[in-house]
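# kindly generate the corresponding structure for this input.
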Amino acid sequence: MLTNQARLIIAGVFALMLAFFVYEQVYQLAGVAGMFIVLLIWGYFKEGPVVMAAKTFYDKDYDKTEKLLLSVKHPNWLNRKRRGFYEFMLGSISLQRQDYDSAERHFELAAQYPLRSVNDHVAALAHVANISVRQHNYEKAEAYLGLAEKHYDKTTAKMKALLERIKAEIKQHQ
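Next up, the predicted model:
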């Protein structure tokens with residue numbers, strides 16, 4: 001739960017400690033400092049600031065969330081759970097800003113990764129279906145709606161109502 005800058009600062013402090021411990025010939029502590037450096041570097045690439053971004057996302061501070069998410073240089077290196085939520089948050093921010101093409105792309109990617117719950121997974125699929133309806137791509141909307149309906153029993157009543165509304169809009173245009 002660190003920003004990338006905080007990770008680098010802490011890794012720098014541990015690097016100084018590592019150098020000091022090697023100089024003093026305290027190799028056990030040097031090994032511990034080295035392990036912490038490796039752990040911080042691993043977290044930089046596999047975890048990123050996604051947890052902090054999620055916190056600001058739920059506080060509805062979308063500018064800060066986007067800034068944190070865009071600080072991830074290689075999102076494809078994030079672990080699977082982080083990547084799904086990374087894409088889900090970017091899709092939600094794009095949807096909030098009415099950038100539908102970007103939102104659709106991010107939600108499609110989010111649906112390919114495990115998300116926090118089945119309801120979040122269905123929400124990602126429903127967003128893609130809804131955007132496709134708005135762009136008059138009814139075949140794609142129907143395909144994503146079909147994927148979402150596979151989890152119909154495990155979703156909330158609000159999500160079920162959304163799926164029914166999208167289904168009605170698709171039928172209306174056929």
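# domain parsing for this protein?
According to automatic domain parsing, the chain is divided into the following domains: 1-46, 49-172.
# looking at the residue nearest the centre of the chain now. What's its pLDDT?
Nearest residue to the geometric centre of the chain (C-alpha atoms, centre = their mean): Tyr86, 1.4 Å. pLDDT recorded at Tyr86 is 95.
# cool, and the one 10 residues further on?
Gln96 is assigned a predicted lDDT (pLDDT) of 93.
# tell me, how many residues neighbour the residue lying closest to it once chain neighbours are set aside?
Counting by C-beta to C-beta, 6 or more residues apart in numbering, the nearest residue to Gln96 once its immediate chain neighbours are dropped is Tyr62, at 6.0 Å. Backbone N, C-alpha and C define where each C-beta goes, glycine included. For Tyr62, the count of nearby residues is 16 (other C-beta atoms under 10 Å).
# thought Leu95 was touching Tyr62, still the case?
No - contact between Tyr62 and Leu95 fails when scored by C-beta atoms under 8 Å: they sit 10.5 Å apart.
# dump the residue contacts of Ser132.
Each residue near Ser132 by C-beta atoms under 8 Å, 6 or more residues apart in numbering is listed here: 104, 138, 140-141, 144.
# low-confidence ranges in this protein?
1 (pLDDT under 70).
# one more time with 80, if that's ok
The model of the chain has pLDDT under 80 over residues 1-2, 173-174.
# any idea which element Leu109 lies in?
helix 100-111 (DSSP states H and E).
# coming back round to it: next step: the contacts of Ser132 restricted to helices.
104, 138, 140-141, 144 (DSSP state H).
# which of those has the most neighbours?
Neighbour max across the ones in helices among the contacts of Ser132 (other C-beta under 10 Å) = Tyr144, 26 neighbours.
# ok, that residue to Met159 distance?
Distance, Tyr144 to Met159, using C-beta to C-beta, to the nearest Å: 14 Å.
# what sits in contact with each of the two?
With C-beta under 8 Å, 6+ apart, Tyr144 and Met159 have common neighbours Ala126.
# what's the closest non-adjacent residue to Lys160?
Tyr152 is the one closest to Lys160 (C-beta to C-beta, 6+ apart), at 6.6 Å.
# follow-up on the earlier one: which residues touch the residue nearest to the centre of the chain?
So Tyr86 contacts 48, 50, 53, 69, 72, 75, 78 (C-beta under 8 Å, 6+ apart).
# out of these, which are inside helices?
Those of the contacts of Tyr86 mapping onto helices are 50, 53, 69, per DSSP H.
# which among the contacts of Ser132 gets closest to Val38?
Glu104 (38.1 Å; C-beta to C-beta).
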